[in-house]
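K.L.:
let me see the structure of the following:
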Amino acid sequence: MHIGILGPIQVTDRSREITPNAAKLRQMLALLALNAGRTVTVNDVLEELWDDAAPRSARTTVHTYVLQLRRKLRAAAVHHGNVTDVKDVLQTCHGGYRLQLEPGQLDTLEFDHQARIGTRSFEAGDYQRAARELQQALQVWRGPALSGMDCGPLLRAEIVKLEAQRFVVLENRLHADLHCGRHQQILAELTGLVERYPMQENFYEMLMLAMYRSGQRLHALQLFRSLRQRLSDEVGLEPNVPTQRLHQAILIDAPELELAESGAAR
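P.N.:
Have a look, this model is predicted:
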């Protein structure tokens, strides 16, 4: 069995999809999966599924959902001749439930593992390897986390954390690409990110540098003016100090803007 959270929720068993159809069943499964190996209390389930408006029968309904999830897991196990007791997978614990998953059964764990590998390479200055490994981590994502699904407060908080982690990995991968001299290759991607996140100055900085190294000095300067105008109009601020320093460096064609020979693209 494999559970996908990084995109629309997806549960597969080998080549067969076994994703629950019922909305609240999906919510409960997602909550259990994101806390794999840890006990999710019944109160947590109630908060996620009904927030502060749980009906009197909610606890009985939660028990029914657990039985339904086990029935679906059991049907998949029988289909493949697996006699493993599904109660070992979806366990009843004191005060709640725990979903036990093996390595490789949950895409968030795959993303975390690959991201840690790429981050270590990035911090060690091995940018060629870091760019490759961080991109592999990003490719685990199939779209926004739990997209197309109604989520309660607990899942919404988890989605915020997941997207923040994705953001950091993306930033590091782009920095690694710039270190490797792939400025032209990432121009279109950075342009799209600036349009999507118009207040994220780090993307502007990377795009300005990529433009400069691609022989688009005037475009880089125009981009800074655009950012400065946007910040002034919308929040009454100036660009941050690193962005202003980059702008000044581009104005004088500072030598440090050139790519070091050791960073040539491969």
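K.L.:
centroid-nearest residue for the protein?
P.N.:
Nearest to the mean C-alpha position of the chain, by CA atoms, centre = their mean, lies residue 166 at 3.4 Å.
K.L.:
C-terminal to whatever helix or strand that residue lives in, what's the next element?
P.N.:
Using DSSP states H and E, the element containing residue 166 is helix 153-179. For helix 153-179, the succeeding helix or strand toward the C-terminus, using DSSP H and E, is helix 187-196.
K.L.:
other SSEs contacting that next one?
P.N.:
helix 201-213 (3 or more CB pairs under 8 Å, 6 or more residues apart in numbering; DSSP states H and E). Glycine gets a C-beta too; all of them are placed from N, C-alpha and C.
K.L.:
quick check, distance from the helix it packs on to the centre of its chain.
P.N.:
Relative to the centre of its chain, helix 201-213 is centred 23 Å away, using CA atoms, centre = their mean, to the nearest Å.
K.L.:
okay, that helix in PDB with CA atoms only?
P.N.:
Extracted as PDB, the C-alpha positions of helix 201-213 are listed here (Å, rounded to 0.1, in the frame of the first residue of the first chain):
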ATOM      1  CA  GLU A 201      12.200  39.100  -2.800                       C
ATOM      2  CA  ASN A 202      14.500  36.100  -2.900                       C
ATOM      3  CA  PHE A 203      12.900  35.000  -6.200                       C
ATOM      4  CA  TYR A 204      13.500  38.500  -7.600                       C
ATOM      5  CA  GLU A 205      17.100  38.400  -6.500                       C
ATOM      6  CA  MET A 206      17.700  35.000  -8.200                       C
ATOM      7  CA  LEU A 207      15.900  36.200 -11.400                       C
ATOM      8  CA  MET A 208      17.900  39.400 -11.400                       C
ATOM      9  CA  LEU A 209      21.100  37.500 -11.100                       C
ATOM     10  CA  ALA A 210      20.100  34.900 -13.800                       C
ATOM     11  CA  MET A 211      19.100  37.800 -16.100                       C
ATOM     12  CA  TYR A 212      22.400  39.500 -15.600                       C
ATOM     13  CA  ARG A 213      24.400  36.400 -16.200                       C
END
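K.L.:
list the contacts of it.
P.N.:
Residues outside helix 201-213 that contact it (CB atoms under 8 Å, 6 or more residues apart in numbering): 171, 174-175, 178, 181, 183-184, 186-187, 190-191, 193-194, 197, 217, 219-220, 223-224, 227, 239-240, 242-243, 246-247, 250, 257-259.
K.L.:
pull out the buried residues from those.
P.N.:
Those of those that meet the buried threshold are 171, 174-175, 178, 181, 183, 186-187, 190, 193-194, 217, 220, 223-224, 227, 239, 243, 246-247, 250, 257, 259, by 16 or more other CB atoms under 10 Å.
K.L.:
if we can go back for a sec, from memory the residue nearest to the centre of the chain sits against residue 134, does it?
P.N.:
No - Residue 166 lies out of contact with residue 134 (CB atoms under 8 Å); the separation is 10.6 Å.
K.L.:
could you list the domains of this protein?
P.N.:
For the chain, the structural domains run 7-99, 103-180, 181-266, going by automatic domain parsing.
K.L.:
so which of those gets nearest residue 1?
P.N.:
domain 7-99 (5.0 Å; CB to CB).
K.L.:
run a quick neighbour tally on the closest residue to the residue nearest to the centre of the chain other than its chain neighbours.
P.N.:
With sequence-adjacent residues excluded and distances taken as CB to CB, 6 or more residues apart in numbering, residue 166 is closest to residue 141, at 6.5 Å. Look at residue 141: counted by other CB atoms under 10 Å, it has 20 neighbours.
K.L.:
gap between residue 141 and residue 170?
P.N.:
10 Å (CB to CB, to the nearest Å).
K.L.:
can you check residue 99 too?
P.N.:
Residue 99 is 28 Å from residue 170, by CB to CB.
K.L.:
more neighbours: these two, which one.
P.N.:
Shown here are residue 99 and residue 170; by other CB under 10 Å, residue 99 has more neighbours (24 against 18).
K.L.:
who are the contact partners of that one?
P.N.:
29, 32, 33, 35, 36, 37, 40, 89, 90, 91.
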